[in-house]
Each structure stands twice: as C-alpha cells, then as structure tokens.
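Undergrad: Take this sequence and fold it.
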Amino acid sequence: MKVSLIQMNSISDKPANLAMARRLIEDAVAADAPDWILLPECFDYLGGTREGKRAAAETLPGGPAYSLLQELARTHRVFIHAGSLLERIPEDERLHNTTVVFDREGGEVARYRKIHMFDITAPDGTEYKESAAFKRGDAVVTYACEGVTVGCAICYDLRFPALFQALADKGATMIALPAAFTMQTGKDHWEVLCRARAIETETYFCAAAQTGSFTQNNETRQTYGHSLVADPWGHVVARASDGVGTVAARIDPARVEKVRAMIPVAKHRVPLPG
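TA: Okay, the predicted model is just below:
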C-alpha cells in the first residue's frame, strides 16, 4: 500500500485551509498515486479565538471540510484519513477534535475523537488549555483499509503508550497520528516518541504534522512539522522537508509480520505484579 502524508500550515482562515488541503491532496495524487492519504491535526482551522473555532466547526456528517474530503476521496479513488477537524457537540460549548476517514467511494468508514487533552505549560511559559475548548473522546478506534488495519490517534495522544497498545490489541498494523506539535516540544520529543510507538507496537507509524506559524488570541505560535513514516523496526523511512508539502512511502504488511516474528512482544507481555 502506498501512503502520502500532507504537511500543512493551517491558520484561522477556513476557506484558505480547505483550498490548501485540496491543492496538496491533488499534488500527492498526481505525484505519487497513493492508496491512502493522511492530513494533519486541525487541518480545517487552527488558532484564532474560541468563538472563531466554534463558528468554523461542523456538525457531522456534513459541512465544507467533510464534504470536500468526501468528494476528493471519491473523485481520486483514494482513502483519505482526514487528519482532524472541528466537530460541534449539540448543547455543549466545547467541540470535539475529530478524525473522519473516507474510503475510495467517499463513504465514511471511521470516526475518532481525540482522547487526551493538551493542558500544559511549555518550556517558554506558553500555556495550552485544550480541555477548555474541547471535550475528550471515549473510544479506541481502528478500521480496515484493504488488508491493513489502521489505528487512530491525534497529537498529544502520542505521549500515552497504553492507547497504542490498545490499538495493537485491536489488530492495528499501521497507526495514523495527525498532529500540530509545538516547536518547543517537537524539536526534542517528536521523532523519539513516533519511533518509540512504532517499536513498541511493531506497526508502521504515519505522522502528518502542521508546520510554521499561526495566531491564537493575538499570540503567534510555532508548529514543528517534520511529518514522517516509521517502520515496525523504528526506522524512519520517509520524512517531510521543512514547509508545506507532501511525503510518500510504501507500507509492506509482510514487514510487520517479520518484525513480530523476530521479537513477539505481544505474546511475551504478562500482567504486572501488584
């Protein structure tokens, strides 16, 4: 299976972001003819104000971002793992940070809502309080993609290995992680964590990231980029350059089987004492 990762610089301008997503998906299709495409976290709207986020959010199924990717999946006969987009919640001021996946016919085959909320103070003192605007999801989600079982996670989920073990336990042989990692944490932790999750689960790990700057509440913030694909041995087999663009790799299910036969960690795992 051939995969393409889309690296974007989304901002608080939804029409501009959707136009960028369309262009990059069509570029990837023309250049690499992928079977599966992954977008980054909040590809539809990043930054802005809480009111702006709520105005940009969509009631699923439907809405401009949802409909665009459904159309592109159907037109180009490709699976699209739609990074994450902003989803309205009835009778709640908060939103869900939601992945939606479309098959080659444009049918929705999976929906995952981000579980772990990014409530931290970065090394430079910048505070992030994702739980103020977003409600956590409550389901571990996988889906079938033509012989590959794909596990779903989003950005900060990366730091919680139990989620990835749960995905592997549900049969995942590839994991998709759309992200908008901060520059401060990304430069030290991004690749290390992506490779660690690939090694632990013995899966292909596909991580599509936001790159560049965006503005949130009149404050400029930087995202790290460096979208990558790691194989089940933890080797980085594809990596995006700096800036907006695409990167492609091939996923070989036989490689997963070979690594799991060499080091069968799933079989060796035992309940811990105490």
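Undergrad: the helices in this structure, which residues?
TA: Under the criterion DSSP state H, the chain contains helices at 14-32, 50-56, 64-76, 161-169, 183-185, 191-201, 253-262, 265-268.
Undergrad: Could you dump those into JSON lines and include mean neighbour count, distance to residue 111 and mean pLDDT?
TA: In this view, the C-beta of every residue, glycine as well, is placed from N, C-alpha and C. JSON lines is the format used below for the helices of the chain (neighbours: other Cβ atoms under 10 Å; distance: least, Cβ to Cβ, whole Å; pLDDT from 0 to 100):
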{"stretch": "helix 14-32", "mean neighbour count": "17", "distance to residue 111": "18", "mean pLDDT": "98"}
{"stretch": "helix 50-56", "mean neighbour count": "16", "distance to residue 111": "18", "mean pLDDT": "96"}
{"stretch": "helix 64-76", "mean neighbour count": "19", "distance to residue 111": "10", "mean pLDDT": "98"}
{"stretch": "helix 161-169", "mean neighbour count": "18", "distance to residue 111": "15", "mean pLDDT": "97"}
{"stretch": "helix 183-185", "mean neighbour count": "17", "distance to residue 111": "27", "mean pLDDT": "92"}
{"stretch": "helix 191-201", "mean neighbour count": "20", "distance to residue 111": "22", "mean pLDDT": "98"}
{"stretch": "helix 253-262", "mean neighbour count": "14", "distance to residue 111": "24", "mean pLDDT": "97"}
{"stretch": "helix 265-268", "mean neighbour count": "10", "distance to residue 111": "27", "mean pLDDT": "94"}
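Undergrad: want to try CSV for those, with distance to residue 44 as columns?
TA: Output for the helices of the chain, formatted as CSV (distance: least, Cβ to Cβ, whole Å):
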stretch, distance to residue 44
helix 14-32, 6
helix 50-56, 7
helix 64-76, 4
helix 161-169, 23
helix 183-185, 22
helix 191-201, 23
helix 253-262, 31
helix 265-268, 36
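Undergrad: closest one to residue 220 among those helices?
TA: Of all those, helix 183-185 sits nearest to residue 220, with 10.9 Å by Cβ to Cβ.
Undergrad: Mind giving me the packing neighbours of that closest one?
TA: strand 219-224 (3 or more Cβ pairs under 8 Å, 6 or more residues apart in numbering; DSSP states H and E).
Undergrad: elements contacting the strand it packs on?
TA: Checking 3+ Cβ pairs under 8 Å, 6+ apart, strand 219-224 ends up next to helix 183-185, strand 211-216.
Undergrad: tell me the mean pLDDT over the longest one?
TA: Right, strand 211-216. The pLDDT scores in strand 211-216 average 96.
Undergrad: in it, what counts as buried?
TA: If you call a residue buried by 16 or more other Cβ atoms under 10 Å, then strand 211-216 has these buried ones: 211-212, 214, 216.
Undergrad: For the closest residue to residue 35 other than its chain neighbours, give me its contacts.
TA: Once flanking residues are discounted, residue 35 sits nearest to residue 1: 4.8 Å by Cβ to Cβ, 6 or more residues apart in numbering. Neighbour list for residue 1: 35-36, 145-148, 250-251, 253 [criterion: Cβ atoms under 8 Å, 6 or more residues apart in numbering].
Undergrad: Run through the bridge partners of residue 99.
TA: Counting by DSSP bridges, residue 99 forms beta bridges with residue 112.
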